[in-house]
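Peer 1: what follows is a predicted structure for the sequence shown.
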Amino acid sequence: LLLGVEDDGIITGIDETKKHKILKDLVSAINSRDCINPPLYLQPTAIEMKEGLIIVLQVPVSSQVHTHNSKIYIREFESDIDITENKGRVSELYFTKSSIFTENEI
């Protein structure tokens, strides 16, 4: 994820005076079970570019299903879709993850 970069790749930058608060809020949210469960334990990085300050957050593929505010979302066609109440989609998500990640197999 790139904060301070438009979808077309143009760097608009982050307000330098808000850098500390944005970084603090990001770390607090992604490492909190109240927001994302299980927590992600990621660290955003602020990078000074000639066009402005950007914040980079690398989010690796996870073997777990994470919830946001107790809801399960999937990403499809640049949209976040809430599948919490769709048992078939949730089951499919768990199945997909279990077939890709084998660390839970004996």
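Peer 2: On my side now, so go ahead. Numbers count the residues shown, from 1 in each chain.

Peer 1: hey, where'd the helices end up in this protein?
Peer 2: 19-30, 87-100 (DSSP state H).

Peer 1: worst-scoring helix or strand of this structure, pLDDT-wise?
Peer 2: When the helices and strands of the chain are scored by mean pLDDT, DSSP states H and E, helix 87-100 comes last with a mean of 87.

Peer 1: and that helix, how far from the chain's centre?
Peer 2: 19 Å (C-alpha atoms, centre = their mean, to the nearest Å).

Peer 1: okay, the helices of the chain, which one's buried deepest?
Peer 2: Among these, helix 19-30 has the highest mean neighbour count (mean count of other C-beta atoms under 10 Å), at a mean of 14. C-beta: built from backbone N, CA, C; applies to glycine.

Peer 1: who are the packing partners of it?
Peer 2: Contacts defined by 3 or more C-beta pairs under 8 Å, 6 or more residues apart in numbering; DSSP states H and E place helix 19-30 against strand 52-56.

Peer 1: quick one: contacts of the least confident helix or strand of the chain?
Peer 2: Contacts to helix 87-100, defined as C-beta atoms under 8 Å, 6 or more residues apart in numbering, come from residues 61-65, 72, 74, 83-84, 104.

Peer 1: can you tell me which two in these are farthest apart?
Peer 2: Greatest spatial distance among the contacts of helix 87-100 (C-beta to C-beta): Thr84 and Asn104, at 22.4 Å.

Peer 1: who's more crowded, the two?
Peer 2: Legend: neighbour count by other C-beta atoms under 10 Å for Thr84 and Asn104, higher for Thr84 (13 against 9).

Peer 1: just the pLDDT for the more buried one.
Peer 2: Note on Thr84: pLDDT of 95.

Peer 1: can you pull the contacts of Asp82?
Peer 2: Counting by C-beta under 8 Å, 6+ apart, Asp82 has contacts 71-73.

Peer 1: residue ranges with poor pLDDT in the chain?
Peer 2: For the chain, the stretches with pLDDT under 70 are 101-106.

Peer 1: setting aside sequence neighbours, what's the nearest residue to Ile81?
Peer 2: Ile74 (5.3 Å; C-beta to C-beta, 6 or more residues apart in numbering).
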